[in-house]
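[1] Return a 3D structure for these sequence lines:
(chains A and B)
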Amino acid sequence: MKFSYNWLNSFFKEDLPQPEKLAEKLMMHFFEVEGVEKKGDDFLLDIDILPSRASDCFSHLGVAGEIAVILEKKVNFPEIESDDGDLESVKVEVENNHLCPRYVLRVIDGIKVGETPEFIKKRLEICGLQSVNNIVDITNYVMLEMGQPLHSFDGEKIAEDKIIVRNAEPGEKIETLDDDKYKLDESVLVIADEEKPIGIAGIKGGKGSEVEEETSLIYLEAANFEAKTIRRTSKKLKLRTDASARFEQGLDPELAEKASKRAAQLFEEYAGGKTVGRVDFYPQKRKPGKLKLSLSNLKSVLGTDIDKARVKSILKRLRLNPKVENDSVKVTVPTGRNDLQLEEDLIEEVGRVYGYENIDPKVPRAALTGPETNYDIFWEDRARDVFKSLGYNEVYNYSFINVKTKKLFGFNDNLIEMENPVSKEYQFLRPSLIPGLIKNVKDNEKKFRNINIFEIGKVFGKENEEKRKLSGLKTTDFRDLKGDMDVLLERLGVGKASYKTIKNKKSFWSPELAEIKVKQETVGLVGKISKDFLKGMKIESQIFLFQIDMDQLAALASEKKQYERISRFPTAVRDLSALVPKRINYEEFVSVAENAGGELLVDVDLFDLYEGEKIPEEKKNFGIRLFFQAEDKTLSKEEINELLEKIISTLEKKSGWEVRKK
Amino acid sequence: MDIEKIEKKALSELEKLDSLDEVKKFEKKYLGNGGKVSEVFKSISKAPEKKRADLGKKANSLKNRLGKGIERKQKELRESAKKEMKRSFDVTLPGKETGLGHIHPLTSVLRSLCNIFEGMGFSVVRGPDIENSWYNFDALNFPKEHPARDMQDTLFIKQEEDLPSEERLLMRTHTSPVQIRYMEKNQPPVKIVVPGRVYRNETTDASHEINFYQLEGLMVDREISVANFKAVITSLIDKFFTGDVDVRLRPSFFPFTEPSFEVDMSCTVCNQEGCSVCSQTGWIEVLGAGMVHPNVLKNSGLNPKNWQGFAFGMGIDRMAMIKYGIEDVRLFYSGDLRFLNQF
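    Sure thing, here's the model as predicted:
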């Protein structure tokens, strides 16, 4: 909110500190000053008044009051006492005094509409308001000064000399001062005369009752409206004004009469008016509140001991009329401070005025208990480190997908949709990390030859379920990716996985797709993205991709390690290669060899896989390396050869299998 | 003069030489003008006549043998230098990278923040991304009319049924709901930090994203104070930015804390000289904090008369931007490898 430095300064006998210095003080004890800007011979201070103080500090007088507290100064502003008589000739009728707790109507006659005095014009301008005429400017001036919005009606135009505050009739229409037309409903509070609405309460005046050049009789409205009603109406009609911005914060009804009187004084001084009298509808006077502050609570919450006299002086400057009784202070809360409702609110007042910078840091005293390890995060981090070592880059993608992606990937059922998406791009919560990763390839493939990326993140499914997934891809080759899976599972202590071919579930997968199984449990999928699918997306790379359920993985992961004695006896190595029919997969093939080799065959490596011109078309060739070792002795040549023969003969018993010994 | 002795000494001296320069010096010393060998020849003239012939022969053979030895040594040294040349490599050639990957900068920042807090005894806990209005707003003392509840700020989930407002599902707008969820299940003392993704209905630009990360902190016990908060947060910022960073608290307002403050740290980019990162103020706003509002404790099932503490929330993206000098928050979610490769 914009404030004039000179205006603020005018409330004090001695000059305030320079604008920058003042801003610094306000920043440390009140609210953030977002800017200080020189404007002619004045300065504009942009102060971010937060909701807690909007009801009393959307005004120069309110902020001056805060400055007085912080700088230990006195605000110089005359107490306004009203001695205007009650009028019988004009009537104010309020249908629901809950929605309008106070309505002051002051009648001023003999008005001459004309030029505004220079000092008022200048101050309005600094705060961003254009000068209109002396009447409009004075009401705006008082609003900026005291925080109370005011409205002037031309008294001659009010039918039957009666102001009615009521809810609008359904479908009732009003045209505002800006020539905008609104259709109203019962939730909207209007100001009306006997014939029609003449204003939207607390927001904007209506056309037809406004002050014009020849106006001489003014009905000045200074009212108090329920904050919620004004906020809702302003939102519904998409009509926000300086008045509504104040009313929707909840103003002090006590302010209405003071501001009305202040404006009347200015009308008399600068517009030749004469106050005739007023009507004050105020059935339930708001009373100051009572609160108690315990000094020991103050000390305990702030963590510092503030001298009793200092506390009292701060509260006194805040106009809270403190009375110290033993360990506590009783205060009276002014009607304008509806933010002060709890003892904690008082602690904050003392704390901020005293200055948080004056509180020395104290290391908390706490039991020496270490934190609990969060295993979810622990295993995620372990997985990240494994992938980093394997040369993958971690990416973060958006949690949302658009309808195009949804269709493309065939995510048909049960996606969670946003009621109010930021844009169509972000309409659904992602059910999978895969679309994001594939898009990353598209975005990067022109600049990088090989892409290895992974992401750990939440995906969302039916019944608003959230799941953690780990997904990644490589653009090189399937066996590389599978090797990486094995490293991951080994390094997370999950153990060996088996891979079971399955029918592909979604069309973006190639037919070669496998489930990753650990101890009978399916923890994920690994496969290739279909060529046609990538073509459709205009992606040139090939993509090998996995996805793993992070929750399952974390549950299977273990830090346990058991040392296995290293055999003292040498390992013997033999190679063999075998021609087998193409339909035989490696796992089938190698398990035959492993079963035949028994315990002494400790490891088998695939070192060559050949399909091509040099062998029959319906065959493929596996080259494997066999490792033989015993726990308790050195195996003799004869023993090894015997084992090898056994393996070979077992393999050759299979029809169409042919071993070529090396 | 014992010629044999001279020869023996000279040859063993020659054997130890390992550069051509030294061999040259050696040659001059023995075979040069006024060298040892010429001294030998000179001495022959002084010897008795009958020995002269024999001595002359010996001296000649010394001269020959030393000459041959020198030649052999030179050849040997030249060859080994050649071999050395063959074996040597150009140390200025560019290194080959081993292809390690990269951890996302937000992961690194979260990790290092969590590590610092764990060092201070805080447990790391998490909560759901889909929340209901009760946990996201009501329980945190947001008034029913609070503007943060508007459709223009919060992403709501489309639901068929007409639910009471507190049950409406939404994408959490902060990590604070986990304060309530945790305190419902755990009696104080409470010492937690909560990392996580949060969501806002926001038009994206260089400093705004629709999803981003926060780290929430909560410490509740019998006598946890503002002074304690200052100690914890100063220590955190010092450690995270590894330097002598000043921290200041300013008054602020949040529904779920009272008193509330904004925490600034001295600008590490310009050392408070004034720069664009700190908008020329020398201070950077890093987090919002305060003493947990009594209504929040009540809504978590705790009696505010018995317990008090502080809570804070910081933007991780922002911390990372300050730490690494990143000017656009959208880079974090771009998947751009040119960006990610730098971390």
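
[2] Going by C-alpha atoms from here, please, whenever you check contacts or count neighbours.
    Fine.

[3] Assign a three-state SS to residue 286, would you?
    Using chain A here. coil (DSSP: H, G, I helix; E, B strand; the rest coil).

[4] Got the phi and psi for it?
    Backbone torsions for A:Arg286, taken as degrees, to the nearest 10, come to phi -80, psi 130.

[5] What about it, how many residues nearby?
    14 (other CA atoms under 10 Å in any protein chain shown).

[6] That one and A:Leu251 touch, don't they?
    No. Here A:Arg286 does not reach A:Leu251: they are 11.3 Å apart, not a contact under CA atoms under 8 Å.

[7] For chain A, give the residue positioned nearest to chain B.
    A:Gly391 (3.8 Å; CA to the nearest CA).

[8] Tell me who's in contact with that residue.
    A:Gly391 makes contact with A:452, B:99-102, according to CA atoms under 8 Å, 6 or more residues apart in numbering or on different chains.

[9] give the contact list for the closest residue to it other than its chain neighbours.
    Of all residues not flanking A:Gly391 in the chain, B:Gly101 sits nearest, at 3.8 Å (CA to CA, 6 or more residues apart in numbering or on different chains). B:Gly101 makes contacts with A:387-394, B:341, as judged by CA under 8 Å, 6+ apart.

[10] State the distance from B:Gly101 to A:Asn397.
    18 Å (CA to CA, to the nearest Å).

[11] Check A:Asn504 too.
    Using CA to CA, A:Asn504 is found at 25 Å from A:Asn397.

[12] higher neighbour count, those two?
    Counting neighbours by other CA under 10 Å for A:Asn504 and for A:Asn397 shows that A:Asn397 has the greater number, 20 against 15.

[13] what's near enough to touch A:Arg286?
    By CA under 8 Å, 6+ apart, A:Arg286 lies in contact with A:253-254, A:335.

[14] is it true that B:Gly309 touches B:Asp221?
    Yes. Look at B:Gly309 against B:Asp221 with CA under 8 Å: they come within range, at 6.1 Å.

[15] How is chain B partitioned into domains?
    What automatic domain parsing lists as the domains of chain B is B:3-87, B:105-340.

[16] for the last one, the distance to its chain's centre please.
    For domain B:105-340, the separation from the chain centroid amounts to 24 Å (computed by CA atoms, centre = their mean, to the nearest Å).

[17] The first one too?
    Taking CA atoms, centre = their mean, one finds domain B:3-87 lying 62 Å from the centre of the chain it belongs to.

[18] ok, B:Lys68 to B:Gly35 distance?
    B:Lys68 is 17 Å from B:Gly35, by CA to CA.

[19] what about B:Gly56, how many neighbours?
    Neighbour tally, B:Gly56, other CA under 10 Å: 16.

[20] can you check B:Arg65 too?
    14.

[21] next one: A:Tyr354
    Each residue near A:Tyr354 was counted by other CA under 10 Å, and the total is 17.

[22] for chain A, which spans come out with low pLDDT?
    A:661-662 (pLDDT under 70).

[23] need the contact list for residue 258.
    All of this refers to chain A. Per CA under 8 Å, 6+ apart, neighbours of A:Lys258: A:80-82.

[24] hm, I was asking about chain B
    When contacts are counted by CA under 8 Å, 6+ apart, B:Glu258 touches A:344-345, A:348, B:290-293.

[25] Now with 6 Å, please.
    Residues in contact with B:Glu258 (CA atoms under 6 Å, 6 or more residues apart in numbering or on different chains) are B:290-291, B:293.

[26] how about A:Ala578, phi and psi?
    phi -140, psi 140.

[27] Surely it touches A:Asn621?
    Yes. A:Ala578 lies in contact with A:Asn621 (CA atoms under 6 Å); the separation is 5.5 Å.

[28] how about the helices in the stretch 201-343 of chain B?
    B:226-240, B:294-299, B:316-324, B:337-340 (DSSP state H, counting those that start in this stretch).

[29] re the thing from before, will you turn the contacts of A:Arg286 into TSV that also has neighbour count and secondary structure?
    Formatted as TSV, the contacts of A:Arg286 follow (neighbours: other CA atoms under 10 Å in any protein chain shown; DSSP: H, G, I helix; E, B strand; the rest coil):
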residue	neighbour count	secondary structure
A:Pro253	24	coil
A:Glu254	18	helix
A:Thr335	18	coil
